[in-house]
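Participant: The sequence and its predicted three-dimensional model are supplied below.
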Amino acid sequence: SAVISQKPSRDICQRGTSLTIQCQVDSQVTMMFWYRQQPGQSLTLIATANQGSEATYESGFVIDKFPISRPNLTFSTLTVSNMSPEDSSIYLCSVRTGRGNEQFFGPGTRLTVL
Amino acid sequence: GENVEQHPSTLSVQEGDSAVIKCTYSDSASNYFPWYKQELGKRPQLIIDIRSNVGEKKDQRIAVTLNKTAKHFSLHITETQPEDSAVYFCAASGGDSNYQLIWGAGTKLIIKP
């Protein structure tokens, strides 16, 4: 499996501000995903980060609120814009390595918005 | 689109007993079914998966079975230990969802000493 890191691991932010979360993989991967997980809940896919093109967003998530970059095959960022307390959650990146359908997760970013 | 239902939401078993978690899926074209374990404050970790061309797969104390006709798959943990306490998620992909994983709601497994 790939080694995946995320920065920051946690942050406390003021409403109205933005936070950019970074996801770094130790090898080139075909697909990268961004998820949100509320406490005690399942995982909700925000978007698929496409290398060299715009991300593909799931229903209920829009680019203006969650802009995503993926400049190469090992790195992606997710920005949570104009934050409100409802954005408080754990944000996880995951990767699909291409050898199969397996997806592996980064350690997550715990975001608290005051 | 694909929908995955998972039961039970909470499962409490005595240490040493077996635990079974069940999931059903709606898209008959789904062909990949992973199980993840998430300990408190940690990332989801892939523990076992099965593809639609097999009916059962084992890895030490854990096993997964797949019934394509009934569109359900199950996770079996034998000889449970305290470290098995966690939230377990099933997922499905393939079919209309293609590469995306469609997730179950999760099962909190509690191992009683």
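Facilitator: It's in. Predicted model only: the values in this text are computed from it and were never measured.

Participant: Could you tell me what pLDDT the model assigned to the most centrally placed residue in chain A?
Facilitator: Of all residues in chain A, the one closest to the mean position by CA atoms, centre = their mean is A:W34, 3.3 Å from it. Reported pLDDT at A:W34 in the predicted model: 98.

Participant: ok, what's across the strand from it?
Facilitator: A:A47, A:C93 (DSSP bridges).

Participant: isn't it right next to A:A49, touching?
Facilitator: Yes - A:W34 sits in contact with A:A49 when judged by CB atoms under 8 Å, with a separation of 6.5 Å. (Glycine included, C-beta is placed from N, CA and C.)

Participant: near chain B, which residues of chain A?
Facilitator: By CB under 8 Å from any CB of the partner chain, the residues of chain A that approach chain B are A:1, A:31, A:33, A:41-43, A:45, A:48, A:92, A:96, A:101-108.

Participant: ok, A:T48 - contacts?
Facilitator: Listed by CB atoms under 8 Å, 6 or more residues apart in numbering or on different chains, the contact partners of A:T48 are A:31-33, A:55-56, B:100.

Participant: hey, where'd the strands end up in the chain?
Facilitator: Answering for chain A, as no chain was given. Under the criterion DSSP state E, chain A contains strands at A:4-7, A:10-13, A:19-25, A:31-37, A:43-49, A:56-57, A:68-72, A:75-80, A:89-96, A:103-105, A:109-113.

Participant: um, chain B though
Facilitator: B:4-7, B:10-14, B:19-25, B:30-38, B:45-51, B:56-59, B:62-67, B:72-77, B:86-94, B:102-103, B:107-112.

Participant: Please identify the deepest-packed of the ones you listed.
Facilitator: Neighbour counts (mean count of other CB atoms under 10 Å in any protein chain shown) averaged over each of the strands of chain B peak at strand B:86-94, with a mean of 24.

Participant: Turn the contacts of A:T48 into JSON lines, columns for distance to B:I47.
Facilitator: As requested, those are arranged in JSON lines below (distance: CB to CB, whole Å):
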{"residue": "A:M31", "distance to B:I47": "21"}
{"residue": "A:M32", "distance to B:I47": "22"}
{"residue": "A:F33", "distance to B:I47": "19"}
{"residue": "A:A55", "distance to B:I47": "29"}
{"residue": "A:T56", "distance to B:I47": "28"}
{"residue": "B:Q100", "distance to B:I47": "20"}
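
Participant: Perfect, that will be all.
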